[in-house]
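Enquirer: how does the following fold in three dimensions:
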Amino acid sequence: QVEQIRAELAEALDGLVSGAPQGRGVPLLSTVTGRWVSPGEMDGGYWFRNLRQRVRFAEAVDVLVAEGYGAFVEVSAHPVLTVGVEEAVEAAGGQAVVTGTLRRDQDTLRQVLTSLAQLHVHGVAVDWAPVLG
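Expert: Now for the predicted structure:
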């Protein structure tokens, strides 16, 4: 089905260019390629491939675990991938704390604070100043 809208997507995404992370930008590991994203790589063609090709979710988690990452935060409206991340970390022989940011039908601020607290109690350094003032 994605192939059928290729021309429409190409037109809509024409001129889309990603830049380098700014300030405290976060590097991005692609589930399209299974490797770190370079500046400019995430153009319209990248996003078409993102829709068209298989997702390399477990491969991406494997790379992150191998590089020593031990905290994973699913940033979404509802954490549907946290169990998948936990399973991929375990399969890769790693250990990690995994949390989401929001949960459907839950108070947004309370849920974000709960997730930050979960990270904190598992040894992840949380900068509380921007959150608490």
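Enquirer: got the end-to-end distance for stretch 124-133?
Expert: 19 Å (CA to CA, to the nearest Å).
Enquirer: how far is that stretch from where the chain is centred?
Expert: Here stretch 124-133 shows a centroid-to-chain-centroid distance of 21 Å under the convention CA atoms, centre = their mean, to the nearest Å.
Enquirer: likewise for stretch 84-104?
Expert: On CA atoms, centre = their mean, the centre of stretch 84-104 falls 12 Å from that of its chain.
Enquirer: one more: stretch 5-23?
Expert: Counting by CA atoms, centre = their mean, stretch 5-23 is centred 18 Å from the centre of its parent chain.
Enquirer: which of the residues in stretch 66-77 are buried?
Expert: Going by neighbour count (16 or more other CB atoms under 10 Å), the buried part of stretch 66-77 is 72-74. For every residue, glycine as well, the C-beta is placed using N, CA and C.
Enquirer: just checking, Val126 touches Ser115?
Expert: No - judged on CB atoms under 8 Å, Val126 makes no contact with Ser115 at a distance of 9.8 Å.
Enquirer: which of these two has more residues huddled nearby?
Expert: Just comparing Val126 and Ser115: by other CB atoms under 10 Å the higher neighbour count belongs to Ser115, 20 against 14.
Enquirer: helices of the chain, start to end?
Expert: All helices of the chain, identified by DSSP state H, fall at 6-13, 44-52, 57-66, 82-91, 108-121, 129-132.
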